[in-house]
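A.B. asks: Here is a sequence together with a model predicted from it:
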Amino acid sequence: MTQPEAHRQRRVSVLTCLAMLLLWVGLNAATHLLTVRAPAVDGFHSIGLPFAFHRCGGDCHPASCDTYAFHPVYFAIDLALAIGISMLAGAWVARRRST
């Protein structure tokens, strides 16, 4: 493999990885956007896919049960999944383009 081909393959891999990370951020943002009107349902809105790492609200009186929960372990798992899947997608695309 020549130097320009290797550089192009690396660039495609990095761009694919970044695109997948943006997709993952978009999916996590979508969970918030879909639950932001939650007071009409259960009062909670959450962020996180596949694990809800942030949850806020409640359908009872704010003084008695308003909750704010941030789960760093769920956030770390979501982040690890996002980075891992993005890196695998980048490597897969680079490998497919090289054959």
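C.D. replies: It's in. Numbering: from 1, shown residues only.
A.B. asks: what sits against the residue nearest the centre of the chain?
C.D. replies: Of all residues in the chain, the one closest to the mean position by Cα atoms, centre = their mean is residue 24, 3.4 Å from it. Listed by Cβ atoms under 8 Å, 6 or more residues apart in numbering, the contact set of residue 24 reads 49, 81-82, 85-86. For every residue, glycine as well, the C-beta is placed using N, CA and C.
A.B. asks: Would you list the buried entries among the residues you listed?
C.D. replies: Burial by neighbour count, 16 or more other Cβ atoms under 10 Å: within these this picks out 49, 82, 86.
A.B. asks: Go through those and flag which are in helices.
C.D. replies: Among the buried ones among the contacts of residue 24, the residues falling in helices (DSSP state H) are 82, 86.
A.B. asks: Go through the buried ones among the contacts of residue 24 and say which is closest to residue 19.
C.D. replies: residue 86 (8.2 Å; Cβ to Cβ).
A.B. asks: Surely that closest one is in contact with residue 22?
C.D. replies: No: using Cβ atoms under 8 Å, residue 86 makes no contact with residue 22, being 9.1 Å away.
A.B. asks: Confidence-wise, which helix or strand of this structure is lowest on average?
C.D. replies: Lowest on mean pLDDT, DSSP states H and E among the helices and strands of the chain sits helix 62-65, with a mean of 58.
A.B. asks: How far does the following helix or strand past that one sit from its chain's centre?
C.D. replies: Later in the chain than helix 62-65, the nearest helix or strand by DSSP states H and E is strand 67-70. Strand 67-70 has its average C-alpha position 19 Å from the chain's average C-alpha position, going by Cα atoms, centre = their mean, to the nearest Å.
A.B. asks: just checking, what packs against strand 67-70?
C.D. replies: With contacts taken as 3 or more Cβ pairs under 8 Å, 6 or more residues apart in numbering; DSSP states H and E, strand 67-70 sits against strand 54-57.
A.B. asks: which residues of the chain score low on pLDDT?
C.D. replies: Applying pLDDT under 70 to the chain flags the ranges 1, 38-43, 57-67, 99.
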